[in-house]
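**Q** need a 3D model of the sequence below.
(chains A and B)
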2 protein chains.
Amino acid sequence: MPDAEIIAVGSEMLTSQRIDTNSLYLTDQLNSLGVEVRRKLIVGDDRMLLTAAVRQALEYAGIVILTGGLGPTEDDVTREAVAAALSRPLLFHQEICDAIEERFRRRQRKMAEINKRQAYVVEGAEILPNTNGTAPGQWIEHQGRSVVLLPGPPGEMKPMFEAGCLPRLIQRLPTQVIRTRFYRVTGFTESDLDALIAPVYTKYANPSTTILASPGDIQVHLRARCETAEEAERLLAEVGTPIEKLLGRHLFSLTGEPLEAIVGTLLRELEATLAVAESCTGGMVGERITAVPGSSNYFLGGFITYSDLLKTELLGVDPALIEQHSAVSNEVACAMAQGARERTGATFALSITGEAGPESNSGVPVGTVFVGFAGPDATDAIRLGMPGDRTRIRGFATQAALDLLRRRLLRIEET
Amino acid sequence: MPDAEIIAVGSEMLTSQRIDTNSLYLTDQLNSLGVEVRRKLIVGDDRMLLTAAVRQALEYAGIVILTGGLGPTEDDVTREAVAAALSRPLLFHQEICDAIEERFRRRQRKMAEINKRQAYVVEGAEILPNTNGTAPGQWIEHQGRSVVLLPGPPGEMKPMFEAGCLPRLIQRLPTQVIRTRFYRVTGFTESDLDALIAPVYTKYANPSTTILASPGDIQVHLRARCETAEEAERLLAEVGTPIEKLLGRHLFSLTGEPLEAIVGTLLRELEATLAVAESCTGGMVGERITAVPGSSNYFLGGFITYSDLLKTELLGVDPALIEQHSAVSNEVACAMAQGARERTGATFALSITGEAGPESNSGVPVGTVFVGFAGPDATDAIRLGMPGDRTRIRGFATQAALDLLRRRLLRIEET
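**A** Residues are numbered from 1 along each chain as shown, chains lettered A, B, ... in the order given. Below you'll find the predicted structure:
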């Protein structure tokens, strides 16, 4: 199976405001055929640099797709650069010129002389008609590789890819089936997770394993490429099943759904309701829970008790408890969760109280957070110690609270 | 002036779901020093391809910046690839290893053996300390060129660039004076804003004007590059002063501070306190206000009253009012703000009630939001109608609430 490189041409995509998004579409299309994109390059309107880039891409990639730089102006250099990279001449095609001229005529406009540049084609290229613009695309077979020139505007590029490139790719590529498994995990650092599962996945090149980490939320992707679906599923099971066992209670999603959606589904299934009482997170747990459409079916609301006084007045936390244990304590977290549950009538309540920094006001170290959980049977709290700055600590604490809720709803024992 | 290439390392950025955004920040920083980015490359976790890419970049670029691939796992290959490209050995630095170990120890955790990989440095590299993570960066001078290794997570990359790279770049680059003005604006669409100020700024190539838009928050940057500071300041005043007049009450920050920090400063100055009552935003206003360190000086807390029942029970909203006007109404927004103010004893209170979609439950169209404000003198509410999906509507509503607070605290009249 050949690998692909996508080259986006255009100086505007080298500014801080613009980004190449054509490659996302192309990657999706190529991946679904089993082709891996191994590099993406963005290069300005510079003939020399682009010529060198095409040569570099051809050193390893069997498919090189260029988008952009097919316009009529002097700074549209893709045609010239590809011709130079392949050491082939550019040839003028009268029938393309006629088609462009006709397109202008239909719009009661005269073709500018400059548009003739768009009628030049690399010798030996197949022409990909442009149904939505003037610049035709080009498909070039070169020493067993395919070099494809597509226009930059997505409205021209996508229909051309579908009509002109997909059929040619399907014809050239060996048939392959891709099957994936997806795990979303919390409660690990990336390195701890990797140390745990690397002994399993490093034994296999197929399926390939990718680990993506953001604070408190790690995604593990397995992707198997085989000749048959059965073989792909068999390989996925061989690698995935032991990984799932190792991840254990930390594995919260097999579908990619975020934690707030997972707990939402659990609450719905239990026909239960939820309330929150947040101190250092200031509303972040509520915000995430209500980001899920339909959360009004199970989320009642809650309290942001940032000041100690409000912990007492709104949640009924005994001031003596705060005095004795500090506001950041197991005792206060429990009292907050209980207060939120009682005062809203919710089935379950979560509470968060902690030190998000930059300074500590409560005597405990920055990064110390207590998450409380109150339900019909019992109330308790867990203590967390987290690294990082205020943003990271609050994000982690929110994730930990949602995960505590998940585990309690599933009656998963703490370890 | 040298050119730059930015290389983003990581297979996840070659999927159809992820994109390299670090390069936008780096491009902005480099451009402001007068350095052009001539190519951007995204390459997977592949040592051979990355080695070749670094060699290719060094053929034309005086500054090569790599982001990502500095983690502890086997697929983090940036260190090895750069060392190979420069034909230099990697050396183990005990003091880096000690620092990483110490970082783990402070968090009551043991460093995994695998993290030792992060203590390897290309021979001759200067080490760029990482204040927000384990992987140090590296700055390598090589045959008159600079090769820079930065971590991938933006929260680590940006502070490291500012502390470690900016001073080194400024020292190496020819002097040029750059002066900037910065405006942060709310209450406009990007196109309306541009139509308003374009007649001023399009007359000038220097200062250059850049407009960056995100929902409800537009940033306008003016950047003058001159030989002297006086000339730069004179040009900035010539363009900036008329723009400031046009922006009027929509201009909320000259420093880049977000709205939650601006209102925080105003509340501090007034020695006033704030409470919130949130329905459709579910805690997002509280979350933003408490993202500011020291917000406990003026923010007391508040209520997440997602259900109608909690609007009544926690805030004392008359059920007849909800019955008559619906929960998404001017009347209920006012009653929520009043209730929050009375029950917390805060000087001011903000409330939000609205339809964030995807379906409407209250009879008003999706995107309708009322923001209430209660103070010692009066209570009232404004009605907003916003486009977009749930995420966008909630974000807009939160921004509008913070901006209403700002204008009320500054006693800016509605127009």
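
**Q** break chain A into its domains for me.
**A** A:4-172, A:177-253, A:259-409 (automatic domain parsing).

**Q** can you tell me the closest non-neighbouring residue to residue A:331?
**A** Of all residues not flanking residue A:331 in the chain, residue A:325 sits nearest, at 4.5 Å (Cβ to Cβ, 6 or more residues apart in numbering or on different chains). Bear in mind the C-beta positions are built from the backbone N, C-alpha and C, glycine included.

**Q** so for the helix or strand encompassing residue A:261, what's the average pLDDT?
**A** In the assignment (DSSP states H and E), residue A:261 maps to helix A:259-270. For helix A:259-270, the mean pLDDT works out to 97.

**Q** who does it touch, helix- and strand-wise?
**A** Identification of packing neighbours for helix A:259-270 by 3 or more Cβ pairs under 8 Å, 6 or more residues apart in numbering or on different chains; DSSP states H and E yields strand A:251-253, helix A:284-290, helix A:390-409.

**Q** in it, what's buried?
**A** A:259, A:260, A:261, A:262, A:263, A:264, A:266, A:267 (16 or more other Cβ atoms under 10 Å in any protein chain shown).

**Q** what helices and strands are in contact with the next helix or strand after it?
**A** Proceeding N to C from helix A:259-270, the next assigned helix or strand is strand A:274-278, under DSSP H and E. Counting contacts by 3+ Cβ pairs under 8 Å, 6+ apart, strand A:274-278 packs against helix A:284-290, strand A:299-305, helix A:330-344, strand A:348-354.

**Q** okay, these in CSV with mean pLDDT and mean neighbour count next?
**A** Listed next are the helices and strands packed on strand A:274-278 as CSV, based on pLDDT from 0 to 100; neighbours: other Cβ atoms under 10 Å in any protein chain shown:
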stretch, mean pLDDT, mean neighbour count
helix A:284-290, 97, 28
strand A:299-305, 97, 31
helix A:330-344, 98, 24
strand A:348-354, 98, 30
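
**Q** closest one to residue A:71 among the ones you listed?
**A** When the helices and strands packed on strand A:274-278 are compared by Cβ to Cβ, helix A:284-290 sits nearest residue A:71, at 44.9 Å.

**Q** that closest one and chain B in contact?
**A** Yes - Helix A:284-290 reaches chain B (Cβ under 8 Å from any Cβ of the partner chain) through A:284, A:285, A:286, A:287, A:289, A:290.

**Q** identify the farthest-apart pair in those residues.
**A** A:284 and A:290 (11.0 Å).

**Q** which neighbours do those two share?
**A** residue B:283 (Cβ atoms under 8 Å, 6 or more residues apart in numbering or on different chains).

**Q** and the next helix or strand past the strand or helix carrying residue A:167?
**A** Per DSSP H and E: residue A:167 is located in helix A:166-172. Scanning forward in sequence from helix A:166-172 by DSSP H and E, the next helix or strand is strand A:177-185.

**Q** what average pLDDT does that next one get?
**A** Mean predicted confidence for strand A:177-185 is 89.

**Q** and the following helix or strand past it, anywhere near chain B?
**A** Once strand A:177-185 ends, the next helix or strand along the chain (criterion: DSSP H and E) is helix A:190-201. Yes - with Cβ under 8 Å from any Cβ as the criterion, chain B is reached by helix A:190-201 at A:190, A:191, A:192, A:194, A:195, A:198.

**Q** tally of neighbours for the fifth one?
**A** Close neighbours of residue A:195, defined as other Cβ atoms under 10 Å in any protein chain shown, add up to 17.

**Q** and for the residue nearest to residue A:331, the neighbour number?
**A** Using other Cβ under 10 Å: residue A:325 sits among 16 other residues.

**Q** and for residue A:184?
**A** 21.

**Q** so residue A:233 makes contact with residue A:179?
**A** Yes - judged on Cβ atoms under 8 Å, residue A:233 makes contact with residue A:179 at a distance of 5.7 Å.

**Q** who touches both of these two?
**A** With Cβ under 8 Å, 6+ apart as the test, residue A:233 and residue A:179 both reach residue A:224.

**Q** returning to what we had before: mind giving me a markdown table with the residues of helix A:190-201 next to chain B and columns for distance to residue A:6 and pLDDT?
**A** Formatted as a markdown table, the residues of helix A:190-201 next to chain B follow (distance: Cβ to Cβ, whole Å; pLDDT from 0 to 100):
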| residue | distance to residue A:6 | pLDDT |
| --- | --- | --- |
| A:190 | 28 | 84 |
| A:191 | 32 | 86 |
| A:192 | 35 | 90 |
| A:194 | 29 | 91 |
| A:195 | 34 | 92 |
| A:198 | 30 | 92 |
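
**Q** filter the residues you listed down to the buried ones, ChimeraX style.
**A** Buried subset of the residues of helix A:190-201 next to chain B, written as a ChimeraX selection, criterion 16+ other Cβ under 10 Å:
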select /A:191,192,194,195,198
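
**Q** and the residues of helix A:190-201 next to chain B as a markdown table, adding distance to residue B:334?
**A** Putting the residues of helix A:190-201 next to chain B into a markdown table (distance: Cβ to Cβ, whole Å) gives the following:
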| residue | distance to residue B:334 |
| --- | --- |
| A:190 | 48 |
| A:191 | 52 |
| A:192 | 51 |
| A:194 | 54 |
| A:195 | 56 |
| A:198 | 58 |
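
**Q** identify the residues contacting the nearest residue to residue A:170 once chain neighbours are set aside.
**A** Distances taken as Cβ to Cβ, 6+ apart place residue A:33 nearest to residue A:170, at 6.9 Å, with adjacent residues excluded. Residue A:33 sits next to A:169, A:170, A:173, A:176 when contact means Cβ under 8 Å, 6+ apart.

**Q** just give me the closest of these to residue B:243.
**A** Residue B:243 has its nearest neighbour among the contacts of residue A:33 in residue A:169, at 50.2 Å by Cβ to Cβ.
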